[in-house]
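# Fold the following for me, if possible:
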Amino acid sequence: MPNTYFAADLALPAPNPLYLRYQQMQADTQYSSHKHPWGQLSWISLGVMDLELEQQHLIAPANYLTWVPAGIPHSAYVRQALNYTSIYVSAHLAQLLPKKACLLTSTPLISALICDFSQRQLSHMQDKSDQNQAELLITRLSQCKCAPNFLPTSSDTLIAPILKALQAEPDNARSLSSWASEVHSTERTLARRFQSELGMSFGQCRNRIRVLQALAWLKEDKTIQDIAWRLGYSTPSAFIAMFKQLIGLSPERYRQQMQEGRSYF
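Predicted coordinates for the structure are as follows:
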């Protein structure tokens, strides 16, 4: 993967302690392999962003921030039109954030702090108040759980075939016990393996696969009820609750904002 800096990045003064950029991205936007002189936080308003690193693939829905430390090559792909915010972090504040690229879950306070910068279209920090806000933002992010990916992958011989099948058929409602028989294991062994290998339960993993499919279907004319049934939910309310837990807003609200083309900061 080439080690390429963007010329526009190299022309910027160092973050003081943050530098923010705002951009409207079109659907199917791709960025070839590049790296940044500073650590970068990426925030999207809707949809899903894919980041490809040398040994890692980050898939980030809109209620997550992606964090890539300085100097790490990566490429990016945006699946649908959205509002995008890039935040460069000074070397000093970057020490508070993880040493490896990962996803950081947003919180209402983190969203509000970024919202304020966005509404003012602030790039460099203008005064002490802005600097204090920047430091609070990074401090709060440093307290967030760092996830290696939203959609986990595994080469484990028991888990890998299950993940492949679920991604091919998100509506697959087979129980963990049924899968255990399929892969010649036991339900208890599989449950332990999901936690140790992926850091989440079988049910949590399946929900994440389903929500990524739901994000794609919400771009179409399918009703919320139809999407719920297609994903194997017996009631729309169960689907809505799962979606809101993972994405931060209801499917209907997500679709509305997608159609309006607005950020939901």
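# Could you list the low-confidence segments of the protein?
1-3, 260-265 (pLDDT under 70).
# the domain parsing of it - what is it?
Listed domain ranges for the chain are 7-147, 159-260 (source: automatic domain parsing).
# Dump the ones you listed to a markdown table, plus distance to residue 153.
Heads up, the C-betas are built off the backbone N, CA and C, glycines and all. Putting the domains of the chain into a markdown table (distance: least, C-beta to C-beta, whole Å) gives the following:
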| stretch | distance to residue 153 |
| --- | --- |
| domain 7-147 | 7 |
| domain 159-260 | 7 |
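# can you redo those as CSV with mean neighbour count?
Listed next are the domains of the chain as CSV, based on neighbours: other C-beta atoms under 10 Å:
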stretch, mean neighbour count
domain 7-147, 17
domain 159-260, 16
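# All the helices of the protein, residue numbers only.
All helices of the chain, identified by DSSP state H, fall at 7-10, 91-94, 108-119, 128-142, 159-168, 176-182, 187-198, 202-217, 224-230, 236-247, 251-260.
# Please produce a markdown table containing these, extended by distance to residue 48.
Formatted as a markdown table, those follow (distance: least, C-beta to C-beta, whole Å):
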| stretch | distance to residue 48 |
| --- | --- |
| helix 7-10 | 24 |
| helix 91-94 | 25 |
| helix 108-119 | 18 |
| helix 128-142 | 20 |
| helix 159-168 | 14 |
| helix 176-182 | 26 |
| helix 187-198 | 19 |
| helix 202-217 | 6 |
| helix 224-230 | 16 |
| helix 236-247 | 10 |
| helix 251-260 | 12 |
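# Residue 61 is nearest to which of those?
Among the helices of the chain, helix 236-247 comes nearest to residue 61, with 5.8 Å by C-beta to C-beta.
# returning to that earlier point: out of the helices of the chain, the one nearest residue 79 is which?
The nearest among those, by C-beta to C-beta, is helix 202-217 at 7.8 Å.
# hmm, who's touching that closest one?
Residues from elsewhere that reach helix 202-217 (C-beta atoms under 8 Å, 6 or more residues apart in numbering): 47-48, 59, 61, 79, 150-152, 162-163, 166-167, 170-172, 176, 179, 190-191, 194, 198, 200, 227, 230-232, 239, 242-243, 246-247, 251, 254.
# ok, back up a step: can you tell me which of the helices of the chain is nearest to residue 101?
helix 91-94 (12.2 Å).
# which helices and strands does that closest one pack with?
With contacts taken as 3 or more C-beta pairs under 8 Å, 6 or more residues apart in numbering; DSSP states H and E, helix 91-94 sits against helix 128-142.
# again, 10 Å this time
strand 39-44, helix 128-142 (3 or more C-beta pairs under 10 Å, 6 or more residues apart in numbering; DSSP states H and E).
# Let me have the ones you listed in CSV, extended by distance to residue 14.
Output for the helices and strands packed on helix 91-94, formatted as CSV (distance: least, C-beta to C-beta, whole Å):
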stretch, distance to residue 14
strand 39-44, 12
helix 128-142, 13
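# To residue 32, which of those lies closest?
Checking those against residue 32 by C-beta to C-beta gives strand 39-44 as the closest, at 15.6 Å.
# Return that closest one as CSV; C-alpha atoms alone will do.
The C-alpha trace of strand 39-44 is given here as CSV (Å, rounded to 0.1, in the frame of the first residue of the first chain):
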residue,chain,number,x,y,z
GLY,A,39,-4.1,11.3,13.5
GLN,A,40,-7.5,11.5,11.9
LEU,A,41,-11.0,11.1,13.3
SER,A,42,-13.7,10.6,10.6
TRP,A,43,-17.4,11.3,11.3
ILE,A,44,-20.2,10.6,8.8
